[in-house]
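> sequence and predicted model, in that order:
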Amino acid sequence: MVQADWQRTVVHSQTLRCFREVAAKESGVKVVSVTRLPFPALTRLAARVRMVLDYTTPNGNVRMLMDFVFLGKGRSELTLIVGAPYGDRATADAAEVRLARIMLGRTRA
């Protein structure tokens, strides 16, 4: 089941387009990019999608990243969503790996 859902949702050719369309509907948000990024193979199924977004605020634009880390282990699917200022992406990358390890360690099947 996990493998079938992974093919339908995570690695499907339209996944990035779907992310872009959903984010573009938000007011005050401009989608800069939506890309797949490598993620450490902590489990057989591991993937990351990064959205870079410009938010309009009263004080000007703020560039943010929104990462979606997808993990599959046994019969379990896990999703980790991390938002951070774009300038802090190295910190976000390290935090994602650390949190993914914790999540996988707590997953039984």
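Structure's in. What do you need? Everything numeric here is computed off the predicted structure, so don't read it as measured data.
> what's the neighbour count on the residue lying closest to residue 1 once chain neighbours are set aside?
Of all residues not flanking residue 1 in the chain, residue 75 sits nearest, at 6.7 Å (CB to CB, 6 or more residues apart in numbering). No exception for glycine: its C-beta is placed from N, CA and C like everyone else's. Neighbours of residue 75 under the rule other CB atoms under 10 Å: 10.
> got it, and the one 3 residues further on?
Other residues near residue 78 number 17, with proximity taken as other CB under 10 Å.
> wait, what's in contact with it?
70-72, 100, 103-104, 107 (CB atoms under 8 Å, 6 or more residues apart in numbering).
> one more pass at 6 Å, please.
71, 103 (CB atoms under 6 Å, 6 or more residues apart in numbering).
> name the residues that touch stretch 11-27?
Everything outside stretch 11-27 that qualifies as a contact, by CB under 6 Å, 6+ apart, is 31, 34, 51.
> could I get those in CSV, plus columns for neighbour count?
Shown next, in CSV, are those (neighbours: other CB atoms under 10 Å):
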residue, neighbour count
31, 17
34, 22
51, 21
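> out of the residues you listed, who's nearest residue 9?
residue 34 (14.9 Å; CB to CB).
> how about the secondary structure of the closest one?
strand (DSSP: H, G, I helix; E, B strand; the rest coil).
> that one touches residue 51, doesn't it?
Yes - Residue 34 lies in contact with residue 51 (CB atoms under 6 Å); the separation is 5.0 Å.
> quick one on the thing from earlier: show me which of the contacts of stretch 11-27 is closest to residue 65.
Of all those, residue 65 sits closest to residue 51, with 6.9 Å by CB to CB.
> so what's the closest one up against?
Going by CB under 6 Å, 6+ apart, residue 51 touches 23, 34, 66.
> name the residues of the helix or strand harbouring the first one that are buried.
If I follow you right, that is residue 23. Applying DSSP states H and E as the criterion places residue 23 in helix 15-24. Burial within helix 15-24, assessed by neighbour count using 16 or more other CB atoms under 10 Å, is assigned to 15, 19, 23.
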